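A.B. asks: structure for the following, please:
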Amino acid sequence: MMEKLAAVALIALSVWQFWQFRHALKAVRTSGGQSTSPFLGFGFWYGLFFGIILLIMALGMLTGQV
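C.D. replies: Next up is the predicted model:
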């Protein structure tokens, strides 16, 4: 039971992470310019990667693979 609850929490966190990635990407597209850090792309990809990892862990917990 606790694994299912933790999996649901991880799914919620991964959805939030994907939403934040999308929101930040839109913000940079509209207001980014010459002064935007070139390292921002690394942050975007890390955020997307982290969301994918959370989702994989959650699905593994729901199916009993983890």
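
A.B. asks: who's in contact with the residue positioned nearest the centre of the chain?
C.D. replies: Centroid check for the chain by C-alpha atoms, centre = their mean gives G51 as the closest residue, at 2.6 Å. Contacts for G51 (C-beta atoms under 8 Å, 6 or more residues apart in numbering) come out as 14, 17-18, 21. C-beta here means a position set from N, CA and C on the backbone, and glycine is covered the same way.

A.B. asks: pLDDT score assigned to it?
C.D. replies: We note a pLDDT of 96 for G51 in this prediction.

A.B. asks: and it, which helix or strand is it part of?
C.D. replies: helix 40-63 (DSSP states H and E).

A.B. asks: buried residues in that helix, which are they?
C.D. replies: Going by neighbour count (16 or more other C-beta atoms under 10 Å), the buried part of helix 40-63 is 47-48, 51, 54-55, 57-58, 61-62.

A.B. asks: and for stretch 5-16?
C.D. replies: 7, 10-11, 13-14.

A.B. asks: cool, stretch 16-34 as well?
C.D. replies: Those would be 17-18, 21, 25, 28, for stretch 16-34 by 16+ other C-beta under 10 Å.

A.B. asks: which ones are touching R22?
C.D. replies: R22 neighbours (C-beta under 8 Å, 6+ apart): none.

A.B. asks: what about the strand or helix carrying it, distance to the chain center?
C.D. replies: Per DSSP H and E, R22 falls inside helix 2-31. What separates the centre of helix 2-31 from the centre of its chain is 4 Å, taken as C-alpha atoms, centre = their mean, to the nearest Å.

A.B. asks: pLDDT on it, on average?
C.D. replies: 94.

A.B. asks: check contacts around F18.
C.D. replies: Applying C-beta under 8 Å, 6+ apart, the residues contacting F18 are 48, 51.
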